[in-house]
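Engineer: Give me coordinates for this.
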Amino acid sequence: MAGMLSRVLGGVICAAAFAAAPATATAGIGDSWGLRAAERLEARPATGDPLRMPLPARESGAPAELAALNAARRPVRALVGANSHAAVPELRSTLERLGARVRTFEATGILAVRAPSGATLVRALHGDPRVAYVERDRTVRAAADPYDTADTNAGGSGIKFTWFYDEVNAATALAAAGGGSRRRVGIIDTGADLSHPELAGRVARSYDVFSRGSEVSDIPGHGTYVAGLISGVDGNGVGAKGVAGTTGLVVVRASLDGNFAISDVVLGIEGAIRRGADILNMSLAGDSFTRSQARALVAAFLNDVLPIAAAGNQGANGNPLEFPAALLGGRRGARGIGLSVGATRPGGQPASFTAHNDYVSLAAPGAGGSGCSHGVFSILPRTSSATEWDDLESCSTVFAQPGLRFAYAEGTSFSAPIAAGIAALAWQVERRLTSDQVAHVLTRAARGTGWNRYTGHGVVDGAAATALARTYDVTAPRVRGKARRRGPRSVGVRLPRTRDRTEAGRERAGRVQYRIYASRNGGGYSLVARSRKPFKRTVSLKGRRANRLAAVVCDGNGNCDAKRLGRFIPR
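Structural biologist: As a prediction, this is how the structure comes out:
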């Protein structure tokens, strides 16, 4: 599995092995840091649209996907990955001529298709040079103040309803961040009850992937519950409280019933980024890998957005690797592009159901001391009596105040938003951090005795994370480099030595690496060469259009400086 993730993600983003073994993971994530810096040399659209990810000309094939689609003589939902952004409008026209309904995702070059027949779709796209892959549009699922006192009810937990808040040292983190964060947390879920008093003033933007409007009422209640864990109002005389205080939310409804089509998740990611989300909370999981998910998450990384996902709840049921979390956490504690979050009980022990694998980054509260009737504590929508908690099979305890309801719940679904809230606070303390540096701060600050497959680096610690953010090295070494044409189709590049820098009172990351990137034929940048030492390299010019060259130097924390080396037209 690690090899598959490395190959697919490597094809998407500059041969970066996000899920590679620790010995190579630093080089992999380093290539990705450099690519992000190089891409940011180019002017962003005046509209503020997300930065488009460079698309690979080829991606690993998936014969099983094509076979399954080809066997379908009925209408199907599929995802088509283009091999260039320029090909997307042409592919859309081709698909619409088949009678398909098509949605396009600009940042990732993906087309979501409802085709009259799977066999017709495969026949039309087979061998098409504009197509990088075709796959099924699979489904993932939700990874399922008066109460600021001990739960002494009959059969109660005997500890504070808001024990999770204390467990992650949220109060200290909030004090360090000034009560909340200007970094917004995007919640890709079932919507939210925007009229709930616990969310008053907290929701900055909302988006419904189905109507493309802002109405996101929540029937299952899952998204409302998640929102309360992040930014539930404290001190208003009702309910509980969120770990991130006044932090703003971008609520995205990508499911009406707790089941999420991958196309809707991808659209939700792009919609959240467009609406100013800095962190993406994805309390959902499924055991099927898709290239479209990978593209969407890479696009988030390139736009300096931190994706955080629930590790999954099938730890005691075969323990399958679950996505998107397994695409985010680095392998065996190495750095990745986001965070995979497991669940713990009071005291930091892993929950029996939490997924355990090589990609768990850290853990956060997500289960009660015993049984399923307790857990973390949050809000239910006022506008629905058909929530997950109203299901006859639910054993979670529900509490009521006039016109309001609150409940316990268990699941990595509810661990992820706690980590997301603390991430927002750490980012507020040091706003110059990049998205993956925020993840690095949280994993380094987690309470643990070394990485393990259940709790990763340990339990989220807001006090330690905000303290580390103040001393974390955020200064890039200065890049110096020159390029000179050597011949009709070659350019000589020289990257001289540079020293790492830092500020007084901060760490120094060190471990400077040097990289050259090239953009050919009007496409995005790709890695040409890398070294831990200054070097010279002759770069071949390819294609017919101008080749753009860029030099990037990064330190071990991912602080990068980039420089344009020039445009060179092959002769």
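
Engineer: Would you confirm that Val203 contacts Thr246?
Structural biologist: No: assessed by CB atoms under 8 Å, Val203 is found out of contact with Thr246, at 11.8 Å. C-beta: built from backbone N, CA, C; applies to glycine.

Engineer: For this protein, which element, helix or strand, carries the lowest mean pLDDT?
Structural biologist: Counting by mean pLDDT, DSSP states H and E, the chain has its least confident helix or strand at helix 2-12, which shows a mean of 47.

Engineer: any idea where the helices of the stretch 101-250 of the chain begin and end?
Structural biologist: Counting by DSSP state H, counting those that start in this stretch, one finds helices in the stretch 101-250 of the chain at the ranges 118-125, 163-167, 170-177, 222-231.

Engineer: ok, and which of those helices has the densest surroundings?
Structural biologist: Highest mean neighbour count of these: helix 222-231, a mean of 31 (counted as mean count of other CB atoms under 10 Å).

Engineer: sorry, back to before: neighbour count winner among Val203 and Thr246?
Structural biologist: Using other CB atoms under 10 Å, the more surrounded residue of Val203 and Thr246 is Val203, with 21 against 17.

Engineer: who does the more buried one bridge with?
Structural biologist: Taking DSSP bridges as the rule, Val203 bridges to Leu249.

Engineer: and what of the one 4 residues further on?
Structural biologist: Here Tyr207 sits in beta bridges with Val252, as judged by DSSP bridges.

Engineer: Hmm, it is touching Glu215, no?
Structural biologist: No: look at Tyr207 against Glu215 with CB under 8 Å: they stay out of range, at 9.7 Å.

Engineer: Between the two, which is the more surrounded one?
Structural biologist: Neighbours were counted for Tyr207 and for Glu215 using other CB under 10 Å; Tyr207 has more, 26 against 12.

Engineer: Reformat the helices of the stretch 101-250 of the chain as CSV; add distance to Arg138.
Structural biologist: Formatted as CSV, these follow (distance: least, CB to CB, whole Å):
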stretch, distance to Arg138
helix 118-125, 14
helix 163-167, 31
helix 170-177, 35
helix 222-231, 19
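
Engineer: Check which helix or strand Ala285 maps to.
Structural biologist: Assigning secondary structure by DSSP states H and E places Ala285 in strand 284-285.

Engineer: Any idea how far the very next helix or strand once past that strand is from the middle of the chain?
Structural biologist: Using DSSP H and E, the next helix or strand after strand 284-285 towards the C-terminus is helix 291-302. Taking CA atoms, centre = their mean, to the nearest Å, one finds the center of helix 291-302 at 8 Å from the center of the full chain.

Engineer: Equivalent analysis for stretch 107-114, please.
Structural biologist: 18 Å.

Engineer: can I get the CA coordinates of it in CSV?
Structural biologist: Output in CSV follows, covering the C-alpha atoms of stretch 107-114 (Å, rounded to 0.1, in the frame of the first residue of the first chain):
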residue,chain,number,x,y,z
ALA,A,107,-8.2,23.5,-9.5
THR,A,108,-7.7,19.8,-10.0
GLY,A,109,-8.6,19.1,-13.6
ILE,A,110,-11.3,16.6,-12.6
LEU,A,111,-14.7,16.0,-14.3
ALA,A,112,-17.5,14.4,-12.4
VAL,A,113,-19.7,12.5,-14.8
ARG,A,114,-23.2,11.0,-14.7
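
Engineer: Just the mean pLDDT for it, thanks.
Structural biologist: Mean per-residue pLDDT for stretch 107-114: 95.

Engineer: Would you mind splitting this structure into its domains for me?
Structural biologist: 2-43+475-568, 70-137, 143-149+156-384+411-471 (automatic domain parsing).

Engineer: got a list of what the closest residue to Ser263 other than its chain neighbours touches?
Structural biologist: With sequence-adjacent residues excluded and distances taken as CB to CB, 6 or more residues apart in numbering, Ser263 is closest to Ala112, at 3.7 Å. Residues in contact with Ala112, defined by CB atoms under 8 Å, 6 or more residues apart in numbering, are Arg77, Ala78, Leu79, Val102, Arg103, Thr104, Phe105, Asp137, Ser263, Val266, Leu267.

Engineer: now, which of the residues you listed lie within strands?
Structural biologist: Secondary structure of these is defined by DSSP state E; positions in strands are Arg77, Ala78, Leu79, Val102, Arg103, Thr104, Phe105.

Engineer: Please convert the residues you listed to TSV, extending it with neighbour count and distance to Thr397.
Structural biologist: Below are those laid out as TSV (neighbours: other CB atoms under 10 Å; distance: CB to CB, whole Å):
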residue	neighbour count	distance to Thr397
Arg77	18	38
Ala78	26	42
Leu79	26	40
Val102	18	46
Arg103	16	41
Thr104	18	45
Phe105	22	40
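
Engineer: Which single one of those residues is nearest to Leu392?
Structural biologist: Taking CB to CB as the measure, Leu392 lies nearest Arg77 of those, at 30.9 Å.

Engineer: Tell me the bridge partners for the closest one.
Structural biologist: Arg114.

Engineer: if I look at it, how far off is Gly368?
Structural biologist: 38 Å (CB to CB, to the nearest Å).

Engineer: and if you look at Ser531?
Structural biologist: Between Ser531 and Gly368 the computed distance is 52 Å (CB to CB).

Engineer: So Phe260: helix, strand or coil?
Structural biologist: Using DSSP: H, G, I helix; E, B strand; the rest coil, the structure places Phe260 in strand.

Engineer: residues touching it, list them.
Structural biologist: Each residue near Phe260 by CB under 8 Å, 6+ apart is listed here: Thr139, Val140, Arg141, Ala142, Ala254, Leu284.

Engineer: State the helix or strand in which the residue sitting nearest the centre point of the chain lies.
Structural biologist: Geometric centre of the chain, nearest residue: Pro307, 1.8 Å, by CA atoms, centre = their mean. Pro307 is part of strand 306-310 when elements are defined by DSSP H and E.

Engineer: follow-up on the earlier one: for Gly342, state which of the ones in strands among the contacts of Ala112 is nearest.
Structural biologist: Proximity of the ones in strands among the contacts of Ala112 to Gly342 (CB to CB) peaks at Leu79, which lies at 28.4 Å.

Engineer: Next, work out how far apart the residue nearest to that closest one when sequence neighbours are not counted and Pro307 are.
Structural biologist: Nearest residue to Leu79 in three dimensions, chain neighbours excluded: Ser292, at 4.4 Å (CB to CB, 6+ apart). Ser292 sits 14 Å away from Pro307 when distances are taken as CB to CB.

Engineer: One more: Gly286?
Structural biologist: Distance, Gly286 to Pro307, by CB to CB: 15 Å.

Engineer: can you check Gln513 too?
Structural biologist: Taking CB to CB as the measure, Gln513 falls 24 Å from Pro307.

Engineer: re earlier: of the contacts of Ala112, closest to Val539?
Structural biologist: When the contacts of Ala112 are compared for distance to Val539 (CB to CB), Phe105 wins out at 32.2 Å.

Engineer: For that closest one, name its beta-bridge partners.
Structural biologist: The partner residues for Phe105, given DSSP bridges, come to Ile110.

Engineer: sorry, back to before: and Ser531 and Gly368? Which one has more around it.
Structural biologist: Gly368 (24 against 13).

Engineer: what's the pLDDT at the more buried one?
Structural biologist: Taking Gly368 on its own, its pLDDT is 91.

Engineer: ok, the nearest residue to it once chain neighbours are set aside to Ile418 distance?
Structural biologist: With CB to CB, 6+ apart as the criterion, Gly368 has its nearest non-adjacent residue at 2.9 Å, and that residue is His374. Plainly put, His374 is 16 Å away from Ile418 if you go by CB to CB.

Engineer: Quick one: mean pLDDT for stretch 520-529?
Structural biologist: Computed over stretch 520-529, the average pLDDT equals 87.

Engineer: Can we start the residue count at 477 from this point?
Structural biologist: Sure, I'll start numbering at 477, so the last one becomes stretch 996-1005.
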